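Asks: here are the coordinates; sequence isn't available:
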Ligand code: HEC
Ligand code: HEC
């Protein structure tokens, strides 16, 4: 594989596709490769050891029981309702934090060298939160939204938290030492109540400078962070939750400068994105409203007290 195809977004993805499709088929062929890479982890999860302790070193456990899941064929291509293997997207789409090393084809499927696995491990462990295992992005991204997952461009791979893959990963995260495996951004909580009481009614539903409000274009869909209430009044908690969930993909807790939500409607001269098919609501970052939203994303604003800004 030409290393130059890495990081080219869709082009790179398409180029990597054929190679990995081959890996996927190989993975699907082996008699023991139905399901997980090894039979051990499933037993471990259905019959946890009495003290809940990890029988192995966390890296060894990861390498034997979790890493093979990334190579597993999930029905696509071949079936229209199947999913692509994780590696199909997560090896070549380098703009995503979850970016894996390129596996080598082997007779029984793909494989990573130990050194590559160590690098993958570094990446994967950035996405877990041992202080609150169920909240880990690594668990929530492939999980169906209805079961508590986050919207994921790569699709829903687990219908429920009972899925054996989910369980194996959860067991592993639970056994990781919390002091070492708690991400910095997990310490910042972007407050839901503030979204519902202040951000939605005060910013998202109100136009500025005669422009259309965000709700005109972002009420639904993948970027549906500004829903409209069915009643025409204040959003219900469920409606607000849905909008708040959609927003998660567009914000980086603790990092307003890195949050697409605050960059898209910001004027390019003020450091915003080059393109937005919608409005430019803020000329620069000194805008009071921008500053307020930034403080909220840094976890500094909570609750339903919106003054003095709105
Ligand atoms: C069709 C392509 C595709 C497939 C297949 C796919 N993903 Fe993704 N995944 C993406 C994209 C694009 C993103 C970034 C945008 C988003 O979060 O939706 C992403 C984001 C993620 C994230 C969040 C990373 C972060 O920085 O927070 C995780 C975790 C993840 N995927 C896990 C998986 C796992 C595990 C699998 C396999 C079970 C998988 N994905 C399959 C495309 C894919
Ligand atoms: C007139 C319609 C319109 C309005 C109003 C509008 N947008 Fe958009 N927005 C779009 C379209 C279309 C896209 C997708 C194309 C693009 O990225 O420019 C988009 C994309 C975005 C994205 C990136 C979404 C993604 O999935 O990456 C963000 C963030 C965003 N808008 C924020 C806002 C905010 C915040 C407001 C309100 C201040 C707003 N937009 C108002 C039309 C609009």
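Replies: Arrived safely. Everything numeric in this text was worked out from a predicted model, so none of it was measured. Ligands and ions are numbered 1, 2, ... in the order given.
Asks: which parts of this structure belong to which domain?
Replies: Domain ranges of the chain: 3-184, 188-297, per automatic domain parsing.
Asks: can you flag the weakest of these by average pLDDT?
Replies: Here the domains of the chain differ in mean pLDDT, and the lowest is domain 3-184 at a mean of 74.
Asks: get me the contact residues on the chain for ligand 1.
Replies: 83-84, 86, 88-90, 93, 96-98, 127, 137-138, 141-142, 152-154, 157, 249 (CB under 6 Å from any ligand atom). (C-beta placed from N, C-alpha, C; glycine too.)
Asks: show me where the stretch 201-310 of the chain has helices.
Replies: Under the criterion DSSP state H, counting those that start in this stretch, the stretch 201-310 of the chain carries helices at the ranges 237-248, 260-263, 288-297.
Asks: which of those is buried the deepest?
Replies: Highest mean neighbour count of these: helix 260-263, a mean of 20 (counted as mean count of other CB atoms under 10 Å).
Asks: who does it touch, helix- and strand-wise?
Replies: helix 288-297 (3 or more CB pairs under 8 Å, 6 or more residues apart in numbering; DSSP states H and E).
Asks: the helix it packs on: how far from the chain's middle?
Replies: Computed by CA atoms, centre = their mean, to the nearest Å, the separation of helix 288-297 from the middle of its chain amounts to 23 Å.
Asks: quick check, it touching ligand 2?
Replies: No: Helix 288-297 stays clear of ligand 2 (CB under 6 Å from any ligand atom), getting no nearer than 8.8 Å.
Asks: what angle sits between that helix and helix 237-248?
Replies: Going by axes from the mean of the first three to the mean of the last three CA atoms, to 10 degrees, helix 288-297 is angled at 90 degrees with respect to helix 237-248.
Asks: from the contact counts, what lies against helix 288-297?
Replies: helix 260-263.
Asks: show me which of the residues of the chain next to ligand 1 are buried.
Replies: The neighbour-count test (16 or more other CB atoms under 10 Å) marks 83-84, 86, 88-90, 93, 98, 127, 137-138, 141-142, 152, 154, 157, 249 as buried among the residues of the chain next to ligand 1.
Asks: kindly present the domains of the chain as CSV, with separate columns for distance to residue 305.
Replies: CSV is the format used below for these (distance: least, CB to CB, whole Å):
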stretch, distance to residue 305
domain 3-184, 26
domain 188-297, 8
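Asks: of all those, which lies closest to residue 304?
Replies: domain 188-297 (3.5 Å; CB to CB).
Asks: for the closest one, how far is the first residue from the last?
Replies: End-to-end distance for domain 188-297: 8 Å, by CA to CA, to the nearest Å.
Asks: got it, and stretch 103-117?
Replies: Using CA to CA, the end-to-end distance of stretch 103-117 comes out at 10 Å.
Asks: for stretch 278-289, same thing?
Replies: First-to-last residue span, stretch 278-289, CA to CA: 18 Å.
Asks: kindly report the same for stretch 61-70.
Replies: So stretch 61-70: terminal residues 15 Å apart, CA to CA.
Asks: ok now that stretch, how far from the chain's centre?
Replies: 19 Å.
Asks: nearest to ligand 1: which residue in this protein?
Replies: Nearest to ligand 1, among the residues of the chain, is residue 154, at 2.0 Å (CB to the nearest ligand atom).
Asks: I'd say that residue and residue 85 touch.
Replies: No: using CB atoms under 8 Å, residue 154 makes no contact with residue 85, being 10.0 Å away.
Asks: backbone torsions only: list them for the residue nearest the centre of the chain.
Replies: Residue closest to the average C-alpha location in the chain (CA atoms, centre = their mean): residue 141, at 4.6 Å. In terms of degrees, to the nearest 10, the main-chain angles of residue 141 are phi -70, psi -50.
Asks: and what of residue 160?
Replies: In terms of degrees, to the nearest 10, the main-chain angles of residue 160 are phi -150, psi 170.
Asks: near ligand 2, which residues of the chain are found?
Replies: Checking the chain against ligand 2 by CB under 6 Å from any ligand atom, the hits are 212, 214, 216-218, 222-223, 250, 260-261, 264-265, 275-279, 281.
Asks: taking the stretch 51-200 of the chain, what residue is nearest to ligand 2?
Replies: residue 153 (9.2 Å).
Asks: for ligand 2, what's the nearest residue on the stretch 151-300 of the chain?
Replies: Closest to ligand 2 within the stretch 151-300 of the chain is residue 278: 2.0 Å, counting by CB to the nearest ligand atom.
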